[in-house]
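> need a 3D model of the sequence below.
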Amino acid sequence: MVPKEAINRNGERYGSLTVIKAVGGGRSLFKCDCGNEKVISTSAVVLGRTHSCSCKQYKDRGTHKRYHHKHYSRWIYWRKDGLLCSEWQEDIEVFIKWMDDNEPDTWHRTERIDKEKPYGPDNLLFRAKKVDVEKEKLKEAKVGIVLISDSEHLSFESMVEAARFLGISKQRVEQLTKKTAQRSGGYYVRRASEA
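The predicted model follows:
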């Protein structure tokens, strides 16, 4: 069997990549159609698992330089499904600016005013998400939290009060009630029923 390094693939083309030279260890230096040169696993390219230097991957999402923006996935989803007006379809920056300027600070969902038309500045409605008041009251119910340190026991009526005292989130207090060996601010956190 011929070792991978012994096969001369110089000049061969795979997808957007052209082999410049083998560099050893089963890797080769490739030149991409975008002009970038990159060392990549030769077998990944030859077997078709890698098609470019990653530029195509970033062309679809990264050239907008907005991949990590909170509205990016919504733009991609609506654009893919043809649900955006032409102004927003063509320019993510226009879409993001409008959303940032008009989106409410509260939890919401988006709706089209006219379901026959695409999302656009004149056809987008922000609706507050319905909150189940009873569920919220149950979440805030008095569960009784006890903080235990070497020198004192402190009792709180709810996780929220204990969280405020410790300077952590209510979710973190809840996590700590399930872990016996972890402390927060020098206190073990227990439910009153378990203390």
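> residue 145 and residue 156 touch, don't they?
Yes. Using Cβ atoms under 8 Å, residue 145 is in contact with residue 156, at 4.6 Å. (Glycine included, C-beta is placed from N, CA and C.)
> those two - which one has more neighbours?
Neighbour count, other Cβ atoms under 10 Å: between residue 145 and residue 156, residue 145 has more, with 26 against 21.
> for that one, which non-adjacent residue is spatially closest?
Sequence neighbours aside, residue 162 is the residue nearest to residue 145 in space, at 4.0 Å (criterion: Cβ to Cβ, 6 or more residues apart in numbering).
> can you check my assumption that that neighbour lies in a strand?
No. Residue 162 is assigned helix when assessed by DSSP: H, G, I helix; E, B strand; the rest coil, not a strand.
> that one: what's it in contact with?
Each residue near residue 162 by Cβ atoms under 8 Å, 6 or more residues apart in numbering is listed here: 145, 147, 156, 173, 189.
> which one of those residues is nearest to residue 124?
residue 173 (38.1 Å; Cβ to Cβ).
> about what we covered before: return the subset of the contacts of residue 162 lying in helices.
Residues of these located in helices (DSSP state H): residue 173.
> can you tell me the SS state at residue 8?
Of the three states, residue 8 takes coil under three-state DSSP.
> do you know how far it is from residue 22?
Using Cβ to Cβ, to the nearest Å, residue 8 is found at 8 Å from residue 22.
> likewise residue 178?
Residue 178 sits 54 Å away from residue 22, taking Cβ to Cβ as the criterion.
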